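>>> Need coordinates for the below:
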Amino acid sequence: MSRHTLMVAAFAAALAGSGSLWAASTATIYQAGDVHNGLITQSNVDGTASVNQSGSNNTATINQRDCCNPTASIAQSSSNNTAAIEQVNVITTLATITQSGQTSQAMITQNAADFTSALINQVGSVNIAAIDQSSPTGSPYSDHSTANIIQSSDGNTATIKQWSALDSDATISQSGGGNHRAFVQQGSGSSLTANVNQNGNGEMATVYQSEEYNDAFISQSGSGDVASITQSGLGTAGAHNVARINQAGLNSTASITQAGGAGNRASITQN
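Prediction:
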């Protein structure tokens, strides 16, 4: 049995006398078969990084920081998976994780980063995911962020956190008869939107939003259901906060709590 361990590190200083503040850097890891690993680190560069792993133990890690326009992607198919991607102190960034089959996991962290986009797509097997677009205390804000988690069948879970984020949105889609669950937390920002769509089997969902001008929507069709939305903070500027829950079939339950003042609107539909 062979063991793959591959590390690529790209470091570059700012270009003097040119129109660009960062050098451009591209790093790629491709691993097929057996135990794998993989690591890419890019700092102070306009970096593009990708890891592609198929068959067996997998892992993978990408770390991009202190730069502009970084792009990172991890693709893993079959076997024990895991993944990560961490983009810190960056702007206009994109991160994608795709996992097909077996034990899954995944995680994207974009902290102190503006204009970020993150996608986790998990197809089959035990799943779990995350995505954390937020700013630690004392760091710049993480504004204008987009986060998407798509899980199709099997164990599922999911978590999105957007904190100290302005004008950001989060979407979780879970389908295909899996055990579902989901959780979205948005706060210390305004004009936030959360969507959770669950289709068939375990279900559940929870959204928490604080501050002002927020919208939250949960849609559940079939099986265990549950749901919940909590909004604390001001509304108006077009009548936010808005909360809506739609449930179709079986065990249902639902709950919306809104506190904090003007502009609140809520609706629950159960069939």
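
>>> Provide a list of residue ranges in the stretch 151-271 of the chain with pLDDT below threshold.
Scanning the stretch 151-271 of the chain for pLDDT under 70 picks out 234-239, 261-262.

>>> 80 - rerun?
165, 188-190, 211, 233-240, 260-263 (pLDDT under 80).

>>> Tell me where the stretch 101-250 of the chain has strands.
Per DSSP state E, counting those that start in this stretch, the stretch 101-250 of the chain carries strands over the ranges 109-111, 114-123, 132-134, 146-152, 160-163, 169-175, 184-187, 193-199, 207-210, 215-221, 229-232, 242-248.

>>> Rebuild the ones you listed as CSV, extending it with distance to Ser77.
Bear in mind the C-beta positions are built from the backbone N, C-alpha and C, glycine included. Shown next, in CSV, are the strands of the stretch 101-250 of the chain (distance: least, C-beta to C-beta, whole Å):
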stretch, distance to Ser77
strand 109-111, 23
strand 114-123, 9
strand 132-134, 25
strand 146-152, 14
strand 160-163, 24
strand 169-175, 20
strand 184-187, 28
strand 193-199, 24
strand 207-210, 31
strand 215-221, 29
strand 229-232, 35
strand 242-248, 33
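
>>> Which among these is found nearest to Cys68?
strand 114-123 (10.0 Å; C-beta to C-beta).

>>> could you check the angle strand 169-175 makes with that closest one?
Between the axes of strand 114-123 and strand 169-175, defined by axes from the mean of the first three to the mean of the last three C-alpha atoms, to 10 degrees, the angle is 0 degrees.

>>> Which residue lies nearest the spatial centre of this structure?
In the chain, the residue lying closest to the centroid (C-alpha atoms, centre = their mean) is Ile131, at 3.2 Å.

>>> In this structure that residue contacts Thr159, no?
Yes - if you go by C-beta atoms under 8 Å, Ile131 and Thr159 touch, sitting 7.2 Å apart.

>>> longest strand of this protein?
Longest strand in the chain by number of residues, with DSSP state E as the criterion: strand 86-100.

>>> Just want the angle from that one to strand 114-123.
20 degrees.

>>> For strand 86-100, the averaged confidence score.
What strand 86-100 shows for mean pLDDT is 91.

>>> Output the contacting helices and strands for it.
strand 62-68, strand 71-77, strand 109-111, strand 114-123 (3 or more C-beta pairs under 8 Å, 6 or more residues apart in numbering; DSSP states H and E).

>>> Report the angle between the last one and strand 71-77.
In other words, strand 114-123. 10 degrees.

>>> and for strand 114-123, what are the contacting residues?
Contact with strand 114-123 is made by 87, 90-101, 104, 106, 108, 110, 129-131, 133, 140-153, 156, as judged by C-beta atoms under 8 Å, 6 or more residues apart in numbering.

>>> do the shortest one as well
Outside of strand 109-111, the residues within contact range by C-beta under 8 Å, 6+ apart are 84-90, 93, 95, 116, 118, 130-136, 139, 142, 145.

>>> what lines up beside that strand in the sheet?
Here strand 109-111 has these sheet partners by DSSP bridges: strand 86-100 (parallel), strand 132-134 (parallel).

>>> before we move on, back to that, narrow the contacts of strand 109-111 to those that are buried.
84-90, 93, 95, 116, 118, 130-135, 142, 145 (16 or more other C-beta atoms under 10 Å).

>>> Please indicate which of the contacts of strand 114-123 are buried?
87, 90-91, 93-101, 104, 106, 108, 110, 129-131, 133, 141-153, 156.
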